[in-house]
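> let's see this in three dimensions:
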Amino acid sequence: MRPDIYLIYLCLRLLALLPLRALHGIGVAFGRLVLWRGGRTAHHTAVNLAIARPSLDEAGRAALLREVMAESGKSISEIVKVWGSGAERALELVREVRGEALLDAALAAGKGVIIAAPHLGCWELLNYWLCRKTSMAILYRPPRIAAIEGLLRKVRGALAPQQIRADGAGVRALYKRLSAGGAVGILPDQKPRAGEGQLVPFFGRDALTMVLLPRLAARTGASVLFAFAERLPAGAGYRIHLLPAPAGIAAADARVACTALNRGVQDCVELAFAQYQWQYKRWSAHGLVSPYDNEGR
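Numbers count the residues shown, from 1 in each chain. Next up is the predicted model:
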C-alpha cells in the first residue's frame, strides 16, 4: 500500500473512534453547506426531487431537499466509521434485518442469487453483511485513483467481495458464477452506456436502464433480490432490508424486464426516500431531453 494511502487508512482508524451520531452530525453540516453554496450537486438533486415528487408544493420540496442533502452528507461521513472500524466492528451497527429468510431460501436453492443493491443508504455496510452470509462477487468499475483499490482491500479484510470488472470478460465471469450457484451483487440503477440499455419509466419518467441484470436472471435462472442498508435516526445504527424482485424481471421482453427492475428500485427507495443518491443524473441519456440543462452556479 502506498504511504499516502496508508496514512489515509490510519486517519480513518482514528476518526472511527467517534460515535456514529457525531459523524452523522458532521455529515449533516456538510450537506447543508453544499446546499447553501448551490452548484451542480444541489441543482441535480432539486431537479430529481421535482420529478420524483411532483405533487409537493414549493415549501414541501424545499424541506425535502434539505433532508436529502443532510442524508447525502451522512453517506459520506459514515464511511469513516464503516471503513475505519473494520468490517466485523462495523457490522455491530446492524440493529435489525428484514427479509433475511428470502436470502437464505435463495442460497439454499443453489440456482444462483443476484443481489440488486441501489444507491440507497449505506451500501458499503450492506457489502460487509452480504459477504458474511456468503461468498460474493460484485460488478464494478475501477476507481480513477488505482491506489484506492488497495485501501478498499485493507479496510474490507476477510469480508471483501470478489471484484469483477464491468467489461466483456467480467460479464462472462458473472454468468459462470451464477450458473454454478454463486452470488453476485449489481448496482441496478447504474446508468448504462449508450446502446446498452432500455428506456423505461423510473418514478414516472423514462430513464436509460441496464439490461444486464435481467439478462443474467433470464439466462441463468438465478433468484433476484433487492437489498439496502437503511440509516436509522440519531446515529442508532442500520437496518438491512431484503425484498423480492417484482414479477417480470427475467422476462424475455427487455422493456418488461427493465420496467420490473426499476419498480424494484422504487420499492426500495420508498422505504427510505431521503437516503437515495438523488444527486445522480438518472434522467439524462442520449436521445432524451435533459432536465438538467441549467447546471446551477
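> phi and psi next, for residue 165.
Main-chain torsions, residue 165, degrees, to the nearest 10: phi -70, psi 150.
> quickly list what it is bridged to.
Beta-bridge partners recorded for residue 165 (DSSP bridges): residue 140.
> right, and it touches residue 141 too?
Yes - if you go by CB atoms under 8 Å, residue 165 and residue 141 touch, sitting 7.4 Å apart. (C-beta placed from N, C-alpha, C; glycine too.)
> neighbours around residue 290, how many?
By the criterion of other CB atoms under 10 Å, residue 290 has 11 neighbours.
> other SSEs contacting the longest helix belonging to the chain?
Using DSSP state H, we find that the single longest helix of the chain is helix 58-84. For helix 58-84, the elements it packs on are helix 3-15, helix 20-37, helix 40-52, helix 87-91, helix 123-133, helix 148-156, strand 223-231, judged by 3 or more CB pairs under 8 Å, 6 or more residues apart in numbering; DSSP states H and E.
> mind putting those into TSV with mean pLDDT and mean neighbour count?
Formatted as TSV, the helices and strands packed on helix 58-84 follow (pLDDT from 0 to 100; neighbours: other CB atoms under 10 Å):
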stretch	mean pLDDT	mean neighbour count
helix 3-15	79	14
helix 20-37	96	17
helix 40-52	95	19
helix 87-91	92	18
helix 123-133	94	21
helix 148-156	73	17
strand 223-231	98	24
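> so for residue 211, which of those sits nearest?
Each of these has some distance to residue 211 by CB to CB; the shortest is strand 223-231, at 13.7 Å.
> residue 238: which of the helices and strands packed on helix 58-84 is closest?
Of all the helices and strands packed on helix 58-84, strand 223-231 comes closest under CB to CB, at 4.7 Å.
> doesn't residue 112 make contact with residue 179?
Yes - applying CB under 8 Å, one finds residue 179 in contact with residue 112, separated by 6.7 Å.
> give me the common contacts of those two.
Residues touching both residue 179 and residue 112 by CB atoms under 8 Å, 6 or more residues apart in numbering: residue 220.
> who has more neighbours, these two?
residue 112 (24 against 15).
> got the contact list for that one?
Residue 112 sits next to 177-184, 220-223 when contact means CB under 8 Å, 6+ apart.
> and if you look at residue 158?
With CB under 8 Å, 6+ apart, residue 158 has these contacts: residue 87.
> now the helix or strand bottoming out on mean pLDDT in the chain - C-alpha only, PDB.
For the chain, the helix or strand with the lowest mean confidence is helix 148-156, at a mean of 73 (criterion: mean pLDDT, DSSP states H and E). C-alpha atoms of helix 148-156 as PDB (Å, rounded to 0.1, in the frame of the first residue of the first chain):
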ATOM      1  CA  ILE A 148      -7.800   3.300  -3.700                       C
ATOM      2  CA  GLU A 149      -8.300  -0.400  -4.600                       C
ATOM      3  CA  GLY A 150      -5.500  -1.200  -2.100                       C
ATOM      4  CA  LEU A 151      -7.300   0.900   0.600                       C
ATOM      5  CA  LEU A 152     -10.500  -0.900  -0.100                       C
ATOM      6  CA  ARG A 153      -8.900  -4.400   0.200                       C
ATOM      7  CA  LYS A 154      -7.300  -3.300   3.500                       C
ATOM      8  CA  VAL A 155     -10.500  -2.000   5.200                       C
ATOM      9  CA  ARG A 156     -12.700  -4.800   4.000                       C
END
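> mind listing residues that contact it?
1-2, 5, 8-9, 12, 83-84, 86-87, 127-128, 131, 142-143, 160, 163.
> could I get the helices and strands packed on helix 58-84 as a markdown table with distance to residue 198?
A markdown table is the format used below for these (distance: least, CB to CB, whole Å):
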| stretch | distance to residue 198 |
| --- | --- |
| helix 3-15 | 39 |
| helix 20-37 | 33 |
| helix 40-52 | 19 |
| helix 87-91 | 36 |
| helix 123-133 | 23 |
| helix 148-156 | 31 |
| strand 223-231 | 16 |
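> which one of these lies closest to residue 216?
strand 223-231 (8.6 Å).
> so where's the chain uncertain?
Along the chain, segments meeting pLDDT under 70 span 1, 4, 6, 142-147, 294-297.
> farthest from the middle of it: give me that residue.
For the chain, the largest distance from the centre (CA atoms, centre = their mean) belongs to residue 3, which lies 29.6 Å off.
> the least confident helix or strand of the chain to helix 123-133, inter-axis angle?
Helix 148-156 and helix 123-133 meet at an angle of 60 degrees, taking axes from the mean of the first three to the mean of the last three CA atoms, to 10 degrees as the criterion.
> residue 47 against residue 290, yeah?
No - between residue 47 and residue 290 there is no contact under CB under 8 Å: 9.4 Å.
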